[in-house]
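Undergrad: show me the folded form of this:
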Amino acid sequence: MATQRDFRRISSDEQETVRKTLKIFSELVTYRNVHAGQWEEAASLVDVDSRNTFMYGSYNFPGQKRTQYQVDASGMLALQQFCAIADSMITPKNRLWHGLETDKYLMKQPGVRKFYEDMRAVVFDYRYRPEGNFHGQNYRIWKSLGAYGNSIMFTDALDRRWHGGRPGLRYKAVPLGECFFADNHQGIVTTLVRWFRLTAAQAAEKFYGEEWLPPQLHAAYEQNLQTPFQFLHCVMPRDEDDYDPERLDERGLPFESYYVSVDGKCLMPIDASGRMEGGYRVFPYAVSRYDQMPGEVYGRGPTQLVLPGLKTLNAQKTTYLKVGHRAGDPIWLGPDDGVIDFNSLPGAWNAGGVTPDGKPLVHALTGGDPMITEKMMLEERGLIENMYLTPLFKTLMANPNMTATQVVELINERAMLVAPTLGRQHSEYAGGLVPREISLLAQLRVPDMPQVPPVLREAGYLHFEVTDTSPLAAQAKASQAAGGLRTLDIANNVANMSGDTSVYDYFAFDRMMPDIAVMNEMPSTWMSTPDEVAARRKSRAAQVQREQAIQELPAKAAMVKAQAVASKAQPLAATPGPQGVPFQ
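TA: Residues are numbered from 1 along each chain as shown. This is a model prediction of the structure:
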């Protein structure tokens, strides 16, 4: 059991760091509160699981009801379809949706393209391993982006304590309500404070033992209470005075990192040795925003853009239900001295409900026309679905007999329409995710990483760029290849009709074919190297020469034979002999 002498002491430097972190956090909370109000309104309509999570200090008791403000579920359904569309066009699991490249000159050198392709294969292998849980967390990313216009993915090394010591990656789609961030002068998010809760037992497990807990948590730990306590994870650029890239400790890392116990006003260790300060070579949070308004750090998603329509649809659905209820269970009107006790239950008998001549004494009060409200709801749903890109699904469902080629062409046409909205996710999401993954895999020294080619070592240039090879980007590249092939078809027709093959002189096939192979994502191992191409052309030229020589043999033989016959038939010229006697 912990006693007073077991409590660790908090140094003045640690107190100063905590004070600085809490001050930054307080400012970020203040600037985010206006957005939090809109996110709360959006959550009540399309993502009820996230209600009451956006304000600092908010807490939902487990099992609390959250659907009381949702009347129509069209927005929630459209959000699910948006997630499926975004995932299939940007990050489909069944294909390599990004590439790695470096300088164009180096990419043409032997082994360089294969090196980056092998590195990409390693990244995808570790990313989609079951213990990484990327696929499940990626769905949460798209849901947060569609509902609130912001998404945050945290990538970390797999905790080997629970996975047999195996290296790997672990992904966490951090809820937007926990994240408070700021960007730099170029609009890149470089500062993020994550606010989260842990029980005392969870904190002791995460922060390497009970001895590192602040005094306020010891009692809860000893009694195994489920009371949650507040913590912060702060990541920001390191001050220029503290940053030295030549150092091998945390001061040599461009981003500093701290864990702060809000309840204990102290730092928490980042490893078992008790180090309180850490850092990152690459920003560990991949922050993506759907659309940004001028002067704003946080993004706005489809839900914010169509929020008036969602609220209108909710009100229309309420009216529609009232009208339908009145039509199914109408209000009855009767005279003051008519039937007093009217039974509206099925099969009920009401005596005296008509006059002796058969006229009814009780009439139903007619209500509104539900068809009008239904038409209004259909129009509002159409606007909402367009904002969430759901017409992609509806078009395919309306034409179930389309061929595979027609489906591909249709998707390509739709891809051009959604590219302006979804295309940004490659630069912010993939552009922030992949460098962090490669940095972690390099630090973990996983055995699968390919060897760096000598040409890259000699150049001292290991920089890479994350290229977009998603289906959305593939459509744009495929149009270039299609344009070249259509032009080649026209040249074929001209050559066939005119018999003049000089039209092919306009095509640089030696550059055209490799570029088309890259556009179609053909693996570099399937492509012949320049030496192999030269060897094959030399062998082909030699073969052509041999065939020509063989074809020319009969003509040469005939010529030799003709020459021999001609020489025999020609009379010898008289040559004067000795003393004027000619030779015969």
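Undergrad: what about the strands in the stretch 101-250 of the chain?
TA: 150-157, 169-174, 179-183, 189-198, 229-237 (DSSP state E, counting those that start in this stretch).
Undergrad: would JSON lines of those strands with mean pLDDT and distance to residue 516 be doable?
TA: Every residue, glycine included, has its C-beta placed from N, CA and C. Formatted as JSON lines, the entries for these read as follows, by pLDDT from 0 to 100; distance: least, Cβ to Cβ, whole Å:
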{"stretch": "strand 150-157", "mean pLDDT": "95", "distance to residue 516": "34"}
{"stretch": "strand 169-174", "mean pLDDT": "95", "distance to residue 516": "34"}
{"stretch": "strand 179-183", "mean pLDDT": "95", "distance to residue 516": "39"}
{"stretch": "strand 189-198", "mean pLDDT": "95", "distance to residue 516": "37"}
{"stretch": "strand 229-237", "mean pLDDT": "95", "distance to residue 516": "43"}
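Undergrad: how about these, which one is nearest residue 485?
TA: Closest to residue 485 of the strands of the stretch 101-250 of the chain is strand 150-157 (Cβ to Cβ; 37.9 Å).
Undergrad: show me how the record splits this protein into domains.
TA: 10-304, 307-344+354-387 (automatic domain parsing).
Undergrad: okay, those domains, which one's buried deepest?
TA: domain 10-304 (a mean of 17; mean count of other Cβ atoms under 10 Å).
Undergrad: how long is it end to end?
TA: Terminal residues of domain 10-304 are spaced 44 Å apart (Cα to Cα, to the nearest Å).
Undergrad: okay, now the unreliable bits of the stretch 201-350 of the chain?
TA: 336-340 (pLDDT under 70).
Undergrad: quick one, helices of it?
TA: Remark: helices assigned in the stretch 201-350 of the chain by DSSP state H, counting those that start in this stretch are 215-222, 302-305, 307-328.
Undergrad: okay, those helices in TSV with distance to residue 11 next?
TA: Below are the helices of the stretch 201-350 of the chain laid out as TSV (distance: least, Cβ to Cβ, whole Å):
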stretch	distance to residue 11
helix 215-222	15
helix 302-305	45
helix 307-328	49
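Undergrad: re earlier: of the strands of the stretch 101-250 of the chain, which approaches residue 444 most closely?
TA: strand 150-157 (6.2 Å).
Undergrad: by how many degrees do that closest one and strand 179-183 diverge?
TA: Per axes from the mean of the first three to the mean of the last three Cα atoms, to 10 degrees, the angle that strand 150-157 makes with strand 179-183 is 100 degrees.
Undergrad: given strand 150-157, what are its sheet partners and their directions?
TA: Here strand 150-157 has these sheet partners by DSSP bridges: strand 169-174 (antiparallel), strand 285-289 (antiparallel).
Undergrad: adding distance to residue 539, write these out as JSON lines.
TA: Below are the strands paired with strand 150-157 laid out as JSON lines (distance: least, Cβ to Cβ, whole Å):
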{"stretch": "strand 169-174", "distance to residue 539": "47"}
{"stretch": "strand 285-289", "distance to residue 539": "50"}
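Undergrad: tell me which of those strands approaches residue 101 most closely.
TA: Nearest of the strands paired with strand 150-157 (Cβ to Cβ): strand 285-289, 19.5 Å.
Undergrad: ok now that closest one, how far from the chain's centre?
TA: 10 Å (Cα atoms, centre = their mean, to the nearest Å).
Undergrad: ok so, going back, would you reformat the domains of the chain as CSV and include distance to residue 435?
TA: Formatted as CSV, these follow (distance: least, Cβ to Cβ, whole Å):
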stretch, distance to residue 435
domain 10-304, 5
domain 307-344+354-387, 32
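Undergrad: out of those, which comes closest to residue 421?
TA: domain 10-304 (7.2 Å).
Undergrad: gap between that closest one and the chain center?
TA: Distance of domain 10-304 from its chain centroid, counting by Cα atoms, centre = their mean, is 16 Å.
Undergrad: where exactly do the strands run in the stretch 251-400 of the chain?
TA: For the stretch 251-400 of the chain, the strands defined by DSSP E, counting those that start in this stretch cover 255-261, 266-268, 278-280, 285-289, 331-333, 363-365.
Undergrad: just the strands in the stretch 401-550 of the chain please.
TA: With DSSP E, counting those that start in this stretch as the criterion, the stretch 401-550 of the chain has strands at 465-468.
Undergrad: shaky segments in it?
TA: Across the stretch 401-550 of the chain, the ranges flagged by pLDDT under 70 are 402-420, 461, 475-480, 482, 518-521, 524.
Undergrad: tell me where it has helices.
TA: With DSSP H, counting those that start in this stretch as the criterion, the stretch 401-550 of the chain has helices spanning 404-422, 424-425, 431-444, 454-459, 471-498, 509-519, 530-569.
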